[in-house]
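got a predicted model here, sequence first, then my questions.
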Amino acid sequence: METKTDLKIITLGNSLLNEESQAVNDIDKELNEFIKQMFHKMYEGKGIGLAAVQVGRLVRVFITHLPKDKPRVFINPEIVSTSIEENKFEEGCLSLPNLYSEIKRPEFVKIQAMNEKARHFVFEADDLLARVIQHEYDHLNGVLFIDKVTKNKKKQLLKVYQRKNKN
């Protein structure tokens, strides 16, 4: 069994971040322990969302916890619909430390998924929570927020990323 300290956030350059995650078949004790560890790692990184792939597991699971909201678990999520209205907002990512860019996304999302108790639900969100859900959902499909900008903007962002994250 993994301990809390075993999970590590993988960062840009790790090929897992560009792969599609696989559906979860069993929501069991092991998966629930993994989800608890994900929350611990997200809080440690001061994040508000985290996808399983970001800690090296290609399973369709992500979590969110925004201020003034409860912690949420999404297993095998599917986006049902989004609004036509979009807005731009600065995004960052625990897998791309110290990098931020304005990203345009729909301002409303409707998603269906299962929770950690294997209960199906449909959930609607707007504003920041809708954005976080879409950002984490993208991770499950191998898409990073920098993939949502123009080629030139992405080149600029990658240069900034390399400069800011030299070890």
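Yep, that arrived.

ok, residues contacting stretch 120-135?
48-49, 64, 66, 69, 72, 74, 77, 79-80, 82-83, 89, 91, 93, 105-115, 145 (C-beta atoms under 8 Å, 6 or more residues apart in numbering). C-beta: built from backbone N, CA, C; applies to glycine.

now do the buried residues in the longest helix anywhere in the chain.
In the chain, with assignment by DSSP state H, the single longest helix is helix 29-44. Across helix 29-44, burial judged by 16 or more other C-beta atoms under 10 Å covers 31, 34-35, 37-38, 41-42.

kindly report the same for stretch 73-87.
Those would be 73-77, 82, for stretch 73-87 by 16+ other C-beta under 10 Å.

same deal with stretch 131-148?
131-140, 142-146, 148.

among these, which are in helices?
Going by DSSP H, the helices hold 131-140 from these.

what is the most widely separated pair among the residues you listed?
131 and 140 (15.5 Å; C-beta to C-beta).

which stretches of the protein form helices?
29-44, 127-140, 151-164.

got JSON lines for those, with mean pLDDT and distance to residue 15 too?
Output for the helices of the chain, formatted as JSON lines (pLDDT from 0 to 100; distance: least, C-beta to C-beta, whole Å):
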{"stretch": "helix 29-44", "mean pLDDT": "97", "distance to residue 15": "20"}
{"stretch": "helix 127-140", "mean pLDDT": "97", "distance to residue 15": "14"}
{"stretch": "helix 151-164", "mean pLDDT": "93", "distance to residue 15": "16"}
